[in-house]
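Colleague: test case, fold it:
(chains A and B)
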Amino acid sequence: MKNNIKGWLYLLPAILFLGVFMVYPLIDVFVYSFQENYQFVSQTYTGVGAYNYSYVLHDASFLQAVKNTFILVIVTVPLSTGFALLISLALSSVKKLKNLFQTVYFLPYVTNTLAVGLVFMLLFKESDQSQTHSLISTIIGLFGLEPFDFIDGPYWANMFVMCFYTIWVVLPFKILILTSALASVNQDYYRAAKVDGTRPFRIFTRITLPMIRPMIFYLIITGFIGAFKAYSDVVAIFGTDLNHAGASGMNTIVGYVYDMLYGSTGGYPSYASAAAIILFVIVLTITTINLSISRRNAHN
Amino acid sequence: MKVVLKNLTKRFPNRNKKLPDVIAVNDFDFEIPDGKLIGLLGPSGCGKSTTLNLISGLEKPTSGRVFFGDTDVTELPPENRGVGLVFQNYALYPHLTVRQNILFPLQNLRGDKKLSKEVMEEKALEAAKLVQIDSLMERKPSELSGGQQQRVAIARALVKMPSVLLLDEPLSNLDARLRLQTREEIRRIQNETGITTIFVTHDQEEAMSISDLIVVMKDGVLQQIGKPQDVYDMPENLFVAKFLGTPAINVFEGEVKNSRLYIGCEDVLAVTGAPDGEVWVGIRPEGFSLDEGGAFKAKLERVEVMGRDTSVVSTHEGCVTGSIRSIVPSEERPDGSEKTVSFSLKPFKTHLFSKDTEERIPFSY
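Modeller: Residues are numbered from 1 along each chain as shown, chains lettered A, B, ... in the order given. As a prediction, this is how the structure comes out:
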């Protein structure tokens, strides 16, 4: 009993902080999401019910944000994981300049999101002031195409830049994880396979992939969660006025939550809470599915 | 298939580039006869595993040739040599069942060698039966004991019916009892299949007990090759004498004068034909017989009872290996109260080695 008290005492600081800054806000958001017209200042609300959810789910800009987020998730998670795997395999097979390449591929990870966003803007955006074209426009100009503004351009162009950027930003971490996973595979498996005359492709599918599968699943699960929570990357490229960016809405779900709270259309904590809870349910569902697939695979 | 190594040498560049290359295998020249079990024996880092890798083709020699039968395989990659290799840690694929592990080498075959599914299954079962794991086919390696994993590894190496089977420290990951069992098992499998088998070990007892021939190595240099009993009885140099046998051989500083061997000032043995001069004297523990009139006198330290035999531990100023350990029949054992103990020496258990070259000095008795 005495030991128990001591144990709880040790846990107390962590419990206090987590309780105040994590658990309480979570419950609060859940409560707000059912309180209609909640006002921060007066702490009042006009009724209790599912109206907030109904409003959010019928709001065109929310549906646009959900669509954007889903496209981003579905495009970037498989592509970035696949590219990371290819690059890691290449990195683990080169000997010369290996460290240099590893550093180059890791650089985006330690670079500030907003700074990188600025660089992407310079790459893709046509400037109003200068007479020169953006880098991409210049390149496509070599093929005889008209200059093209991806940032102020149509929806697909915006989405392309967004996916491109997201993949580029998440690659380094995935490469880091996969190169170390590849390095941790016991070399004796490869030697055994070599003595048995296994072809390289078969070595990859029957030995390498199964050996690093837990790490691939880890990357897919965290990749899904990260992509669903995308926001700062969008802001870095398109600015904060996401509902009106370039004539097409590039907002994400997290962006919608922010707008509902603080944006020019803000001041609706109830709607923001409902949207946040919807995002939470989506992420929870997808992660549960992912986990059950990875567990089933691990048993086979 | 017989395996012939001709002037085989392997150098590795030193990690510190200023130092000379490391010579792991130095000018090996020997022939392994067809259908025999060969133990490659030596202390850690003596180049045993490198030799095995050179035979399997996982390493390319710096110079020299490797022949399987009359074919020069030096330039062939491992998969075209027809070798089976068992790794020290078994290297079983953890995500595949025992059956899939054994099938793996067969599934790699292509071209005219490609087999039908039924034939593959049949061969896998045959190999599994040979090592007696046919009841465990659907298990994963993690669900097997160390000894069972070892058998699966051997089955996987055997399933293609290799012309040479190579085992790298096959028993070192097993506990003592299992090691005894498994080494008999390896002997049985080799007898049944008749495949030329080479296994690497640092355990001299293991090598001697099951090998047809043992090859003793030190620092990349071949020391002696021969039948286990011959190598034990006639070690060609001091290293081989010290490396083989438990308890280890007792080494003394001695001197030959007029065909008599002196240890200290005692004249202990007639050594006809040995030239005069200082020598190393190696005496096996079983080379001492208790004899009250014996010429070799030592200070008695203690008597260790081992049941069948008794180990007498004594000291002598000429001994360079700490204390002298001698094995005598239990019924003759001293009661331990004496201060000194006298032995006469058995000449065929006594070996003389040159002080400079440590090579064997022959003598007759």
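
Colleague: how close does the residue nearest the centre of chain A get to chain B?
Modeller: Among the residues of chain A, the one closest to the centroid is residue A:227, at 2.2 Å (Cα atoms, centre = their mean). With distances taken as Cβ to the nearest Cβ, to the nearest Å, residue A:227 is found 29 Å from chain B. All C-beta spots, glycine's among them, are computed from the backbone N, C-alpha and C.

Colleague: now chain A against chain B: closest residue?
Modeller: Going by Cβ to the nearest Cβ, chain B is nearest to residue A:197 of chain A, at 2.8 Å.

Colleague: and that residue, how many neighbours does it have?
Modeller: Around residue A:197 there are 19 other residues, counting by other Cβ atoms under 10 Å in any protein chain shown.

Colleague: contacts only, for it.
Modeller: Applying Cβ atoms under 8 Å, 6 or more residues apart in numbering or on different chains, we find residue A:197 in contact with B:78, B:79, B:80, B:105, B:108, B:109.

Colleague: just to check, the fourth one is in contact with residue B:158?
Modeller: No: look at residue B:105 against residue B:158 with Cβ atoms under 8 Å: they stay out of range, at 9.5 Å.

Colleague: which strands or helices does the worst-scoring helix or strand of chain A on mean pLDDT pack on?
Modeller: Scoring the helices and strands of chain A by mean pLDDT, DSSP states H and E places helix A:135-142 at the bottom, with a mean of 75. Contact here means 3 or more Cβ pairs under 8 Å, 6 or more residues apart in numbering or on different chains; DSSP states H and E; on that basis helix A:135-142 packs against helix A:113-124.

Colleague: and the helix it packs on, what's buried?
Modeller: Buried residues in helix A:113-124, counted by 16 or more other Cβ atoms under 10 Å in any protein chain shown: A:116, A:117, A:120, A:121, A:123, A:124.

Colleague: could you dump the residues you listed into CSV with pLDDT and distance to residue B:70 added?
Modeller: Below are these laid out as CSV (pLDDT from 0 to 100; distance: Cβ to Cβ, whole Å):
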residue, pLDDT, distance to residue B:70
A:116, 82, 65
A:117, 79, 70
A:120, 81, 67
A:121, 78, 72
A:123, 82, 66
A:124, 81, 69
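
Colleague: from those residues, which are also near chain B?
Modeller: Applying Cβ under 8 Å from any Cβ of the partner chain, the subset of these adjacent to chain B is empty.

Colleague: out of the contacts of residue A:197, who's nearest residue B:236?
Modeller: For those, the closest approach to residue B:236 (Cβ to Cβ) belongs to residue B:78, at 32.9 Å.

Colleague: look at the closest one and say how many residues are nearby.
Modeller: 20.

Colleague: distance-wise, check it relative to residue B:96.
Modeller: Residue B:78 sits 21 Å away from residue B:96, going by Cβ to Cβ, to the nearest Å.

Colleague: quick one: mean pLDDT over the host helix or strand of residue B:184.
Modeller: In the assignment (DSSP states H and E), residue B:184 maps to helix B:176-193. For helix B:176-193, the mean pLDDT works out to 87.

Colleague: so what touches that helix?
Modeller: B:37, B:130-131, B:145-147, B:150-151, B:154, B:158, B:161, B:165, B:167, B:170-171, B:174, B:197, B:199, B:206, B:209-210.

Colleague: how is chain B divided into domains?
Modeller: Following automatic domain parsing, chain B resolves into domains at B:3-240, B:247-361.

Colleague: in a markdown table: these, plus distance to residue A:255.
Modeller: Listed next are these as a markdown table, based on distance: least, Cβ to Cβ, whole Å:
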| stretch | distance to residue A:255 |
| --- | --- |
| domain B:3-240 | 42 |
| domain B:247-361 | 78 |
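
Colleague: run a quick neighbour tally on residue 8.
Modeller: No chain in the question, so chain A it is. Residue A:8 has 10 neighbours, counted by other Cβ under 10 Å.

Colleague: my question was about chain B
Modeller: Close neighbours of residue B:8, defined as other Cβ under 10 Å, add up to 24.

Colleague: wait, is it part of a strand?
Modeller: Yes: counting by DSSP: H, G, I helix; E, B strand; the rest coil, residue B:8 is part of a strand.

Colleague: for it, name its beta-bridge partners.
Modeller: Under DSSP bridges, the beta-bridge partners of residue B:8 are residue B:28.

Colleague: and the stretch 151-300 of chain B, which residues reach chain A?
Modeller: Within reach of chain A by Cβ under 8 Å from any Cβ, the stretch 151-300 of chain B has these residues: B:156, B:160.

Colleague: tell me the contacts of residue A:250?
Modeller: With Cβ under 8 Å, 6+ apart, residue A:250 has these contacts: A:68, A:158, A:159, A:162, A:234, A:238, A:242.

Colleague: which element, helix or strand, includes it?
Modeller: Element membership for residue A:250, per DSSP H and E: none, as it lies in no helix or strand.

Colleague: mind checking how far it is from residue A:105?
Modeller: Counting by Cβ to Cβ, the gap from residue A:250 to residue A:105 is 27 Å.

Colleague: residue A:283 too?
Modeller: From residue A:283 over to residue A:105 the distance is 28 Å, taken as Cβ to Cβ.

Colleague: so for those two, which sits in the more crowded spot?
Modeller: Neighbours were tallied for residue A:283 and for residue A:105 using other Cβ under 10 Å; the higher tally belongs to residue A:105 (20 against 17).

Colleague: buried residues in the helix or strand encompassing residue A:292, which are they?
Modeller: Using DSSP H and E, residue A:292 falls within helix A:269-299. By neighbour count on 16+ other Cβ under 10 Å, the buried set for helix A:269-299 is A:269-279, A:282-283, A:290, A:294.

Colleague: neighbours of residue 178, how many?
Modeller: You didn't pick a chain, so chain A it is. Neighbour count for residue A:178, taken as other Cβ under 10 Å: 23.

Colleague: wait, I meant chain B there
Modeller: Number of residues near residue B:178 (other Cβ under 10 Å) recorded here: 17.

Colleague: dihedrals phi and psi, the residue in the stretch 251-365 of chain B positioned nearest to chain A?
Modeller: With Cβ to the nearest Cβ, the shortest gap between the stretch 251-365 of chain B and chain A falls at residue B:358, namely 36.5 Å. Dihedral pair for residue B:358: phi 60, psi 20, per degrees, to the nearest 10.

Colleague: okay, now it: neighbour count?
Modeller: By other Cβ under 10 Å, the residues close to residue B:358 number 15.

Colleague: my guess is it meets residue B:237, correct?
Modeller: Yes: counting by Cβ under 8 Å, residue B:358 touches residue B:237, with 5.0 Å between them.
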